[in-house]
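[1] predicted model and sequence below, questions to follow.
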Amino acid sequence: MDRTPIGSLKEHLNETVTIQGWLQTLRDQKNMQFLIMRDRTGLVQVAHYRPGNPELGDMISTLGSESALTITGKVVENKVVKLGGLEIQLETLTVENAAETPLPFDPFDNDNLPAIDFRMDWRYLDLRREQNLLLFKVQTVLEHAMREYWLENQFIEIHSPKITGSPSESGAELFEVLYFERKAYLAQSPQFYKQMAMAAGFERVFEIGPVFRADPSFTSRHMTEFTGLDMEISWIESHEDVMAFTEKWLQYAYKRVKETYGSEIQAVFGVDIKVPEVPFPRLTMAEAYAILKAQGYKLPPERKGDLDPGGERAIADYVKEKYDSDFLFVIDWPISVRPFYHMRHPDAPELTRSFDLIAGGLEIATGAQREHRYEVLRQQALEKGLGLENIQYYLDFFRYGAPPHGGFGMGLSRVLMVLLGLPNIRESVFLFRGPNRLTP
RNA sequence: GGGGGCGUGGUGUAGUGGUUUAACAUGCGGCCCUGUCAAGGCCGAGACCGCGGGUUCGAAUCCCGUCGCUCCCGCCA
């Protein structure tokens, strides 16, 4: 059987076709029945003249919204039909899976949309909404464009293990799993492994994969499992080289999304995708602090050297105002708030060669030049109070010819959140995982 | 881990001490309607107001506890 996508029916006028999809609306009258059918390519009206087949008409009357149907019929032009000026004259109908009534909620009633938690209970129905269909089309193009750019720049894709043997960076944010007779942990980042790829001489690598964080965070932007976009490049001079690549890469991804779905995004999300100009503005932490101070923004006193989310939003507003940029690198963070593997400035050893990328006021990526000198790295680990036994395998990466290198880690769903202007990360991920959410 | 907010038919809301036998929208069921198209009209079912305790003549409404959700902070992407 040849199935015709609803979106291409106008190419099949006066032909008998088979469509398969969901019954979005049934308008059930005495003599005429109208079935609005949906597949992922669009909507079409199917018309049935009841007296012509009363039995079929009675059966149609029992169909619940969102039932999965196979329908054959003749495609005819009909100017009266507001939905595309055409309709299908029903010939046969097969119920593949009747939808029970009533539905838990109506995915197409935007005025009575349930709260996010209830929609997550029935996520597959929630995903039938056009906003969500488009969101995942956009995500696909976004990821594809990112890969394209990486491949055009001679990157190698890696897949690092998600089961690891020892707590590495701190341990507190790791999920513990039973691994036969002993403990293992879910990787909270591919950080060490992509650095190993640098030691292996791959020179440029990327990874798109799951990362796990055992943080009991209850916010609109955190998940316990999310998709990380990671890359690492060798033979850099400083973190500036990483940022210079990152912004062009992101600019390309935005450009491809806008080209492909710009008008649909405008229609569905009311967002005009703006392809960012490069370079993005860069502010050192010291400059960011001075600006916030001048604005009278009150930073929490105990967080000296760090930027709280409110501060990030304030500085993003400043940059938007002054440079008309939605993106901003905050660079040169103090060592106190950065991990031991970030390289320090030779002329300012209390500062790291690191950056955060802020987009739309939200932190979407963290990057740095890494410390690739074994002894220096070892000393910095000791300074941070880390036990060397657990990370010796990692330190060993830097014993036999490790090139200078750096990279970043970015959150895919956070990028989508910013790109489409969504208020909650739970809207921008296929299935949310949080401290209290393990199903579906 | 700390703090704030919310919990009323399936869903979204109104009602914040007394004709409330808890309202409205949507959904659901039935009937009607010569083609509808955000369909329309009429009728109907559906909520002991998260749960437990208390204050009061009287509690959806006030208080305490508890559970759930949510947002903010911390942590981070």
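    Cool, the structure landed.

[2] so where's the stretch 201-350 of chain A shaky on pLDDT?
    For the stretch 201-350 of chain A, the stretches flagged by pLDDT under 70 are A:300-304.

[3] rerun at 90
    Within the stretch 201-350 of chain A, the ranges that satisfy pLDDT under 90 run A:289-290, A:293-310.

[4] near RNA strand B, which residues of it show up?
    Counting by C-beta under 7 Å from any atom of the strand, the stretch 201-350 of chain A comes close to RNA strand B at A:213, A:215-224, A:226, A:228, A:300, A:303, A:306, A:308-310, A:312, A:337. Every residue, glycine included, has its C-beta placed from N, CA and C.

[5] quick one: residue A:61 from residue A:7, how far?
    Distance of residue A:61 to residue A:7, computed by C-beta to C-beta, to the nearest Å: 28 Å.

[6] and those two? Which one has more around it.
    residue A:7 (14 against 11; other C-beta atoms under 10 Å).

[7] the more buried one and residue A:41 touch, don't they?
    Yes: counting by C-beta atoms under 8 Å, residue A:41 is a contact partner of residue A:7 at 3.0 Å.

[8] next secondary structure after the lengthiest helix in chain A?
    As assigned by DSSP state H, the longest helix anywhere in chain A is helix A:239-269. The first helix or strand that comes after helix A:239-269 along the chain, using DSSP states H and E, is strand A:282-284.

[9] that following strand packs against which elements?
    strand A:327-331 (3 or more C-beta pairs under 8 Å, 6 or more residues apart in numbering; DSSP states H and E).

[10] starting at the chain centroid, how far to the strand it packs on?
    20 Å (C-alpha atoms, centre = their mean, to the nearest Å).

[11] quick one: that strand to helix A:239-269, angle?
    150 degrees (axes from the mean of the first three to the mean of the last three C-alpha atoms, to 10 degrees).

[12] quick check: next helix or strand after strand A:327-331?
    Next along from strand A:327-331, by DSSP H and E: strand A:344-345.

[13] for that next one, which helices and strands make contact with it?
    Looks like strand A:344-345 contacts strand A:348-352 (3+ C-beta pairs under 8 Å, 6+ apart).

[14] elements contacting the strand it packs on?
    Applying 3+ C-beta pairs under 8 Å, 6+ apart, one finds that strand A:348-352 makes contact with strand A:344-345.

[15] tell me how far the residue of chain A most remote from its centre lies from RNA strand B.
    Distance to the chain centre peaks in chain A at residue A:51, reaching 50.9 Å (criterion: C-alpha atoms, centre = their mean). The gap separating residue A:51 from RNA strand B is 10 Å, by C-beta to the nearest atom of the strand, to the nearest Å.

[16] and for residue A:202?
    Distance from residue A:202 to RNA strand B, by C-beta to the nearest atom of the strand: 21 Å.

[17] can you tell me the closest non-neighbouring residue to that residue?
    For residue A:202, ignoring the flanking residues on the chain, the nearest one in space by C-beta to C-beta, 6 or more residues apart in numbering is residue A:156 at 5.0 Å.

[18] up against RNA strand B, what does the stretch 1-150 of chain A have?
    A:25, A:27-32, A:34, A:36, A:45, A:47, A:49, A:64-65, A:78, A:80-83, A:87, A:101-106, A:109, A:111-118, A:120.

[19] among those, which ones are in helices?
    A:116-118, A:120.

[20] among those residues, which ones are buried?
    Burial by neighbour count, 16 or more other C-beta atoms under 10 Å: within those this picks out residue A:120.

[21] closest to RNA strand B out of the ones in helices among the residues of the stretch 1-150 of chain A next to RNA strand B?
    RNA strand B lies nearest to residue A:117 out of those, by C-beta to the nearest atom of the strand, at 3.4 Å.

[22] contacting residues around the closest one?
    The contact partners of residue A:117, by C-beta atoms under 8 Å, 6 or more residues apart in numbering, come to none.

[23] so who does residue A:30 touch?
    residue A:50 are the contacts of residue A:30 under C-beta under 8 Å, 6+ apart.

[24] just the pLDDT for it.
    Residue A:30 is assigned a predicted lDDT (pLDDT) of 88.

[25] now the residues of the stretch 201-350 of chain A next to RNA strand B: which count as buried?
    A:213, A:221-224, A:226, A:228, A:312.

[26] redo the residues you listed as a markdown table? Include secondary structure.
    Shown next, in a markdown table, are these (DSSP: H, G, I helix; E, B strand; the rest coil):
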| residue | secondary structure |
| --- | --- |
| A:213 | coil |
| A:221 | coil |
| A:222 | coil |
| A:223 | coil |
| A:224 | coil |
| A:226 | strand |
| A:228 | strand |
| A:312 | helix |
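
[27] now for these, which pair is the farthest apart?
    A:224 and A:312 (21.8 Å; C-beta to C-beta).

[28] counting contacts, what elements does the longest helix of chain A pack onto?
    helix A:130-152, strand A:225-234, strand A:327-331, strand A:354-359, strand A:362-370, strand A:405-411, helix A:412-420.

[29] list the contacts of the shortest one.
    Spelled out, it's strand A:327-331. By C-beta under 8 Å, 6+ apart, strand A:327-331 touches A:239, A:243, A:247, A:250, A:276, A:280-285, A:288, A:307, A:312, A:315-316, A:319, A:354-359.
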